[in-house]
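1. this one's structure only:
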């Protein structure tokens, strides 16, 4: 009976996990069509209002990037953040309150709301860019450059850098662990459309991100439900020994 009960939850977990994978695959496929292939300036898929517009223009990222160099001057001046592959999060939430680093954070980079950052070191030449949309000013390790986008849409540039991650990675230097400095990132040339088209693409991908977030939460809720159910369906160890 217990096995049947837990099996039915496992079936739900499998189904919801498949839905999440499908959404992620859909976004990946859509990005491949909304952004031009490497070496091209026209995407395969374009919104109707831009069908007759000129192709995207290859531009240096340096013309869109402005570094933010302010650093914290006192301990815990702002909340410490972590830039993970899943997004920019509060460090205490990332480490689940039990592994928060208690080191000195004076001299950390300050990251205001709506500014971007990334971990400048990588083991696989992949770099993940995140926007501070937490609604707070935070601080982050000096290994995470902070910058803002001039005359452009933050979300679009996050997705642009994800779409051309291989090109971006080639600009990093090193052997076992590579480093991508902000100065080197400025030298990267990528196809970029007008800001109106940037926003349209960003809005489209944001709507899919919302679905992915909702599905992820649904899956996490089911996992928590199963864990709680197992704790109740099986006796505690001290009760068994007693």
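-> On my side now, so go ahead. Computed from a prediction, not measured in an experiment: that's the story for all the values here. Residues are numbered from 1 along each chain as shown.
2. remind me which helix or strand residue 19 belongs to.
-> In the assignment (DSSP states H and E), residue 19 maps to helix 2-34.
3. could you pull up phi and psi at the residue nearest to the spatial centre of the chain?
-> With distances taken as C-alpha atoms, centre = their mean, the residue of the chain nearest its centroid is residue 87 (3.7 Å). With angles defined as degrees, to the nearest 10, residue 87 sits at phi 140, psi -180.
4. name the nearest residue to it, ignoring sequence neighbours.
-> Counting by C-beta to C-beta, 6 or more residues apart in numbering, residue 130 is the residue found nearest to residue 87 once chain neighbours are left out, at 5.4 Å. Quick note: C-beta positions are derived from backbone N, CA and C, even for glycine.
5. what residues are up against that neighbour?
-> If you count contacts by C-beta atoms under 8 Å, 6 or more residues apart in numbering, residue 130 has them with 83-84, 87-88, 116-118, 158.
6. how about a cut-off of 7 Å?
-> 83, 87-88, 116-118 (C-beta atoms under 7 Å, 6 or more residues apart in numbering).
7. got CSV for the residues you listed, with pLDDT, distance to residue 194 and secondary structure too?
-> Putting the contacts of residue 130 into CSV (pLDDT from 0 to 100; distance: C-beta to C-beta, whole Å; DSSP: H, G, I helix; E, B strand; the rest coil) gives the following:
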residue, pLDDT, distance to residue 194, secondary structure
83, 91, 29, strand
87, 88, 27, strand
88, 92, 27, strand
116, 97, 20, strand
117, 97, 26, strand
118, 96, 25, strand
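8. low-confidence regions, this protein specifically.
-> With pLDDT under 70 as the threshold, the chain has low-confidence stretches at 95-102, 239-242.
9. do that again at 80, thanks
-> The model of the chain has pLDDT under 80 over residues 92-103, 237-242.
10. measure how whichever helix in it runs longest sits relative to helix 2-34, angle-wise.
-> Ordering each helix of the chain by length in residues (DSSP state H) puts helix 195-233 first. Angle of helix 195-233 versus helix 2-34, following axes from the mean of the first three to the mean of the last three C-alpha atoms, to 10 degrees, is 170 degrees.
11. list the buried residues for helix 195-233?
-> 197-198, 200-202, 204-205, 209, 215-216, 219, 222, 226 (16 or more other C-beta atoms under 10 Å).
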